[in-house]
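Colleague: what's the 3D shape of this:
(3 chains)
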Amino acid sequence: MDYTILTNNPKVNEKFGDSHRVSFYDVPAESILSIAADMIDSGCVLLNHPLYGSVKPNETPYKSLLLKKKAGTYTWDAVSSDESRELINKAITAYNKFTHKKEDTSHDLLLDYQVVDLSLLASAAEAADE
Amino acid sequence: MAKYKVVHYINQFFAGIGGEEKADIPAELYKGEVIGPGTAFAAGFGDEAEIIATIVCGDSYFNENIDKAKAEILGWVKDLAPDLFIAGPAFNAGRYGVACGTIASAVAEELGIKAMTGMYVENPGADMYKDKVYILETKDSAAGMRDAVKKMTAFALKYVKGEKIGASSQEGYMNNGVRVNFFEEERGSKRAVNMLLAKLADKPFTTEYPMPDFDRVAPNPAVKDMAHATIALVTSGGIVVKGNPDHIESSSASKYGEYSLAGVTDLDENTFETAHGGYDPVYANQDADRVLPVDVLRDLEKEGVIGKLHEKFYATVGNGTAVASAKKYGAEIGQKLKADGVDAVILTST
Amino acid sequence: MRLEIGKINITDIRFAENSKIENGVLFVNPEDLKPVVLEDEKLKDVVFEIAKPGESVRITPVKDVIEPRVKVEGKGGIFPGMISKVDTVGSGKTLALKGMAVVTAGKIVGFQEGIIDMSGPGADYTPFSKTINLCMVCEPVEDLKQHDYEKAVRMAGFRVAAKIGELARDIKPDETDVFETCGIKEGIEKYPDLPRVGYVSMLQTQGLLHDTYVYGVDAKKIIPTIISPTEAMDGAIVSGNCVSACDKNPTYVHQNNPVIEDLFAQHGKTINFVCQIITNENVYLADKERSSNMTAKLCRMLDLDGVIVTQEGFGNPDTDLIMNCKKIEAEGVKTVIVTDEYAGRDGKSQSLADADPAADAVVTGGNANEVIILPKLDKVIGMLDYVNLIAGASDKTLREDGSLEVELQVITGATNEMGFGKLSAR
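Modeller: Got it, this is the predicted structure:
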């Protein structure tokens, strides 16, 4: 596994914690985007799209990103560091469009968000592991 | 029901006072008077609205005394407390359009009074103010007055009554960047097919969502051999031969000039000056190298850093000049430079 | 391939002892349908209700909308690879019940969305206020996982639609439309002077509640390929998507794909409609690159002169859309894209998550963030208890007088990105 899963979703941590390198932070989704930006600035690239899924930024509090070190010889990156950074910037812009945040944080609802976020992340991890 | 109160702003020309020779008359308030195009508006308003005052101001006066004129007019409008402020229509008159846009947006922003204007799409006032007030699109000359008044009257009544304002394409105002939903006649797929048929036939079509601000030019590759390159100077800072022989306007320039640099090593106050009306000209007039750095380039030429300075330079005035005009000048200047074998250009502004 | 679609206009649906179709009226006994749903042991119960245009009824949360059909001639059955054998469809004869739909509803996850109002201002925004809807609200067994629940409801909807379609097997259609595509060489010979046009449909394929199936295969696992548009019209593509109600593509819209219909209307006259290219919208960035490369290459290999590209969903699909557009244009193929916008409640934000100057011909389904007030309606089919949780809602969504203040994005089909509706924006 040459990538890191950056997430604030406990279910992702649970599922991938043993088999993958997971950086879990108990922070809002926007902060995950900022942490990803820092990682990109220090030489990582993104593997999945930061606006994965149609669940809107003002709904789900979860964000799970796949990042890896920039490619060396005989490896390749789908997107460069600059492009990764651009994707993060655009995602942050998109987050700012959804001004009406949900207050509801009932346990069941959070679990549903976690499950969907996990599924969307897993679909990227599966592609990365192939 | 009481009629809605409207204050109308026009320039000296549409007030029937005079043309360019009267463009410097100061702002004047005509209380209770309906003047020029106001008559047509009043007819269109019928019983629903009335013009309670007309403000007339010379275009040069407004643009050259902008703070003073604005303050004076805002004071009058505040006292009159109308329901709506209409400026123009200005058609393609550049300074009039800028005045209409400036005063209408000031009325809206500073007094919180509904304000609108009308002008031709290429009027420099359009680009400057279309995201600040509703600007109804008109033809490019006063021959389009009937049509303009009809459009503006209909919009004015809707606006002043507080009715929902639809999308720009429906209401006839210039796209102000605010996305507004509406129902089209045809479903989206049909519109897509029609758009594709037009695109395939190289016929004009209008995208429903113009991509954001892509008016960027990809930089050319770096000049490899500067020591043998011919470098030209082009400016929008208005540097012209003393006396402005081409009469390039101080704002909303309708042309650019081509001037020789043959034998010129330094620009001085006896030979060059600026035609630009948008910045304090004192330092540019003292030493035009401050805007068009001929002296420095002659040094570089001597030192062998560059091959040579091109013997002609091109200049226009960027102040309020419509983007469409600027594009046209740029393309023409580019062609000429290319034909003259210039390798690179330094563009300077103000 | 030559497909005949026989249209049987349904003017009313009534519950009755005997299920049948007579003089345009669908009589249905829910007891006949129940076993079809409950044959899946993951579902405990189902309630059927009828919602008609103009009624004071709100259906929510909507999962999918399906048009009942029956295959009477030619290869394959209804929804091949899903509930029929995986034969190639798109030729022969299929009967469709027009003017009605099967609507699956029910809360699969807490934030499930999708509102269909049969009357009032909301009705103007959803195409499914104009169909007579046979709604089915499924109840799962205890502790059913979200994945299993989604699949169970998705499949139950298809089975019910097929079961109802079966009632039409011997009915003479009110009218018949014929759609015919030809082979590559045949097309060139037949229409030597017409521009060659293709249709690129992007299918949402990202994970739970975000998937689309082609002949039963999860489309995130495909690389872009070509199909005959008649295959899509004949049920080869189905929706497994529950999120982003306004711009997801329900199965009904795949069956009645408006771009395909409108391209067929020009086929042989102004264009030669060559084929449909299906591609996906995966979350993995390398997949996005690969799929858009393949799509552009297919356009080139097929010598297309122009294509229309349609989208599904919010956010990352904008990247696929722009990649496709840019790469297809770079092959010299003229491109029109169909999308929708998230320009914020005030309409002032950047509409798309991605952009490129190559996208100079855009059709938009409108701003999904625009706010609408939906008045209280007399009856709710499904449940309202989730509405404060849906996208485009806010804490005060359910107002004191019972009306809802929501963004258009909660309304099923409001800003459809296949051009199914008339909504637009400037």
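Colleague: Could you report the separation of A:Ala124 from C:Lys220?
Modeller: The spacing between A:Ala124 and C:Lys220, counted by C-beta to C-beta, to the nearest Å, is 10 Å. The C-beta positions use only the backbone N, C-alpha and C, and glycine is treated the same way.
Colleague: nope, C:Met233 is what I meant
Modeller: C:Met233 sits at a distance of 23 Å from C:Lys220 (criterion: C-beta to C-beta).
Colleague: Repeat that for A:Phe16.
Modeller: In this view, A:Phe16 and C:Lys220 are 19 Å apart by C-beta to C-beta.
Colleague: picking that back up, with neighbour numbers in mind, choose between A:Ala124 and C:Lys220.
Modeller: Remark: of A:Ala124 and C:Lys220, A:Ala124 carries more neighbours, 27 against 23, as counted by other C-beta atoms under 10 Å in any protein chain shown.
Colleague: In terms of helices and strands, where is the more buried one?
Modeller: helix A:107-129 (DSSP states H and E).
Colleague: so for that helix, what's the average pLDDT?
Modeller: Averaging pLDDT along helix A:107-129 yields 90.
Colleague: Mind exporting the C-alpha coordinates of that helix to PDB?
Modeller: The C-alpha coordinates for helix A:107-129 follow below in PDB (Å, rounded to 0.1, in the frame of the first residue of the first chain):
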ATOM      1  CA  HIS A 107     -26.600   9.000  15.800                       C
ATOM      2  CA  ASP A 108     -28.500   7.100  13.200                       C
ATOM      3  CA  LEU A 109     -28.100   9.800  10.600                       C
ATOM      4  CA  LEU A 110     -24.300  10.100  11.300                       C
ATOM      5  CA  LEU A 111     -24.100   6.300  10.900                       C
ATOM      6  CA  ASP A 112     -25.800   6.600   7.500                       C
ATOM      7  CA  TYR A 113     -23.400   9.300   6.400                       C
ATOM      8  CA  GLN A 114     -20.500   7.200   7.600                       C
ATOM      9  CA  VAL A 115     -21.700   4.200   5.600                       C
ATOM     10  CA  VAL A 116     -22.100   6.100   2.400                       C
ATOM     11  CA  ASP A 117     -18.800   7.900   2.800                       C
ATOM     12  CA  LEU A 118     -17.100   4.500   3.500                       C
ATOM     13  CA  SER A 119     -18.700   3.100   0.300                       C
ATOM     14  CA  LEU A 120     -17.500   6.000  -1.800                       C
ATOM     15  CA  LEU A 121     -14.000   5.700  -0.300                       C
ATOM     16  CA  ALA A 122     -13.900   2.000  -0.700                       C
ATOM     17  CA  SER A 123     -14.700   2.300  -4.400                       C
ATOM     18  CA  ALA A 124     -11.600   4.500  -4.800                       C
ATOM     19  CA  ALA A 125      -9.400   2.200  -2.600                       C
ATOM     20  CA  GLU A 126     -10.500  -0.800  -4.600                       C
ATOM     21  CA  ALA A 127      -9.400   0.900  -7.800                       C
ATOM     22  CA  ALA A 128      -6.100   1.900  -6.100                       C
ATOM     23  CA  ASP A 129      -5.400  -1.600  -4.900                       C
END
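Colleague: Which positions within that helix qualify as buried?
Modeller: Neighbour-count burial for helix A:107-129, counted by 16 or more other C-beta atoms under 10 Å in any protein chain shown, picks out A:109-110, A:112-125, A:127-128.
Colleague: try stretch B:267-274
Modeller: Quick answer for stretch B:267-274 (16+ other C-beta under 10 Å): B:Leu267, B:Phe272, B:Glu273, B:Thr274.
Colleague: Turn those residues into CSV, including secondary structure and pLDDT.
Modeller: Formatted as CSV, these follow (DSSP: H, G, I helix; E, B strand; the rest coil; pLDDT from 0 to 100):
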residue, secondary structure, pLDDT
B:Leu267, coil, 94
B:Phe272, strand, 95
B:Glu273, strand, 93
B:Thr274, strand, 93
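Colleague: And the residues you listed, which is closest to B:Glu122?
Modeller: B:Thr274 (24.7 Å; C-beta to C-beta).
Colleague: any idea how far chain C is from that closest one?
Modeller: As for B:Thr274, its distance to chain C is 35 Å (criterion: C-beta to the nearest C-beta, to the nearest Å).
Colleague: In the sheet, which residues pair with that residue? Tell me.
Modeller: Beta-bridge partners for B:Thr274, by DSSP bridges, are B:Ile239.
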